[in-house]
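In: have a look; sequence and predicted model below, questions after that.
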Amino acid sequence: MTNSSRLKQLLSRDKPTLISGAYDGLTAHLAELAGFDGIWASGFCVSTSKRLPDVGLVTFSEQLERAREMNSSISIPVVADVDDGFGDAVNVTRTVLEYEAAGIAALCMEDSRHPKRCSLYSSLDRGLVSEKEFAHKIRVAKETQRTEDFQIIARTEALIDGRGIGEALDRTSAYAEAGADLLLVHWAGEDAEPLEEFSARYQGTTPLAAVPTTYSQVTASRLHELGFKLVIFANQGLRAGVQSMKQVFKRMVETGSAGSVEDRICTLSEIASLVNLDDVIRLESDPDARDGKPEELA
């Protein structure tokens, strides 16, 4: 079964599919261990891990390599955040082919203009491409994919851009008609009232996705009741790591002692387990692997 098939199967259940933001192999593996259904290869998290703002500065190849790294580190599906597809419809064709070849289960593209500006940066100037232009990009993405179950998530920033429920409904309808497999209705307010209104007025059959970053008190169960099949916890892991490291680093500087933070950090044996050190030890100790000399094996 492919990763795309696994994701499709997860979304067919009568409960929310939960995926967590990650930015490298280790964070993806930790999310898998915690029990998440899948991974969100987050553009925001990858950018932040490079100490760059999420404003389109991370390149296509950098994002792809991180997504490939995450995918190779876990057994659950990866959904890749690819911003606006890294350009126009022509660029989208390569984006789809490369990510699909890397084993990624799905791509999420947004209708922001290029270069995108992260929705969480409220002070930055942003804008949307036309409904027609983005529907064309979705159509091209679906025509480009080579495997049946590979999925394209169409994300609208209409609510973020202050365009109202009506335009969000119009845009998602057009994107669904263009072939989108899921529709992500993004919102950055503190409550889910606009999503509740959207849900009440939505007449489509294409599954919905939500990212409860700012409306964090709304549960996945509640979102599922509103019709949102996919719930993305996009950046909480990154933010938890930053908070913890800040505290640990500050404590060590203040005390001059690594011992002062032993109760706040994991053990070295836990790290060894996370990177499968036992496999290395087993391979090194295998007598069959040590019999021949290099020249005899050539």
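Out: That came in fine, so what should we check first? Everything numeric here is computed off the predicted structure, so don't read it as measured data.

In: can you give me the strands in this structure?
Out: 17-22, 38-41, 78-81, 106-110, 151-156, 182-185, 208-210, 228-233 (DSSP state E).

In: out of these, which is closest to R51?
Out: Proximity to R51 (CB to CB) singles out strand 17-22 among these, at 17.1 Å. Where you see a C-beta, it was placed from the backbone N, CA and C, and this is true even at glycine.

In: mean confidence for the closest one?
Out: For strand 17-22, mean pLDDT is 98.

In: thinking again about what came up before, for the strands of the chain, which one ends up most surrounded?
Out: Mean neighbours per residue, mean count of other CB atoms under 10 Å, is largest over the strands of the chain for strand 38-41, with a mean of 28.

In: list the helices and strands it packs on?
Out: Here strand 38-41 touches strand 17-22, helix 25-34, helix 60-73, strand 78-81, going by 3 or more CB pairs under 8 Å, 6 or more residues apart in numbering; DSSP states H and E.

In: between the ones you listed, which one is closest to L208.
Out: Comparing those by CB to CB, strand 17-22 comes nearest, at 11.5 Å.

In: the closest one - contacts with which helices or strands?
Out: helix 3-11, helix 25-34, strand 38-41, helix 43-49, strand 228-233, helix 236-255.

In: quick one: it to strand 228-233, angle?
Out: Strand 17-22 and strand 228-233 are oriented at 20 degrees to each other (axes from the mean of the first three to the mean of the last three CA atoms, to 10 degrees).

In: on that earlier part again, JSON lines please, covering the helices and strands packed on strand 38-41 and showing distance to S4.
Out: Output for the helices and strands packed on strand 38-41, formatted as JSON lines (distance: least, CB to CB, whole Å):
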{"stretch": "strand 17-22", "distance to S4": "13"}
{"stretch": "helix 25-34", "distance to S4": "17"}
{"stretch": "helix 60-73", "distance to S4": "12"}
{"stretch": "strand 78-81", "distance to S4": "10"}
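
In: among the ones you listed, which is nearest G256?
Out: With CB to CB, the closest approach to G256 among the helices and strands packed on strand 38-41 belongs to helix 25-34: 28.2 Å.

In: so which bits of the closest one are buried?
Out: 25, 27-32 (16 or more other CB atoms under 10 Å).

In: stretch 70-89 now?
Out: Buried-residue list, stretch 70-89, by 16+ other CB under 10 Å: 70-71, 73-74, 76-87, 89.

In: how far off centre is that stretch?
Out: Relative to its chain's centre, stretch 70-89 lies at 7 Å (CA atoms, centre = their mean, to the nearest Å).

In: now do that stretch, average pLDDT.
Out: 97.

In: for stretch 120-140, same thing?
Out: Computed over stretch 120-140, the average pLDDT equals 90.

In: could you list the buried residues of that stretch?
Out: Here stretch 120-140 shows 126, 128-129, 131, 134-140 as buried, counting by 16+ other CB under 10 Å.

In: cool, stretch 44-57 as well?
Out: 44-49, 54, 56.

In: just flag the most distant two among those.
Out: S49 and G56 (15.9 Å).

In: which one of the buried residues of helix 25-34 is nearest to L195?
Out: Distances from L195 to the buried residues of helix 25-34, taken by CB to CB, are shortest for A31, at 23.9 Å.

In: contacts only, for that closest one.
Out: 20, 22, 39, 74, 237 (CB atoms under 8 Å, 6 or more residues apart in numbering).

In: pretty sure the fourth one contacts A28?
Out: So the one you mean is I74. Yes - between I74 and A28 there is a contact under CB atoms under 8 Å: 5.0 Å.

In: what residues are shared contacts of those two?
Out: Common contact partners of I74 and A28 (CB under 8 Å, 6+ apart): I39.

In: thinking again about what came up before, any chance of the buried residues of helix 25-34 in JSON lines, plus pLDDT and distance to S5?
Out: Putting the buried residues of helix 25-34 into JSON lines (pLDDT from 0 to 100; distance: CB to CB, whole Å) gives the following:
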{"residue": "G25", "pLDDT": "98", "distance to S5": "22"}
{"residue": "T27", "pLDDT": "98", "distance to S5": "24"}
{"residue": "A28", "pLDDT": "98", "distance to S5": "19"}
{"residue": "H29", "pLDDT": "98", "distance to S5": "22"}
{"residue": "L30", "pLDDT": "98", "distance to S5": "25"}
{"residue": "A31", "pLDDT": "98", "distance to S5": "20"}
{"residue": "E32", "pLDDT": "98", "distance to S5": "18"}
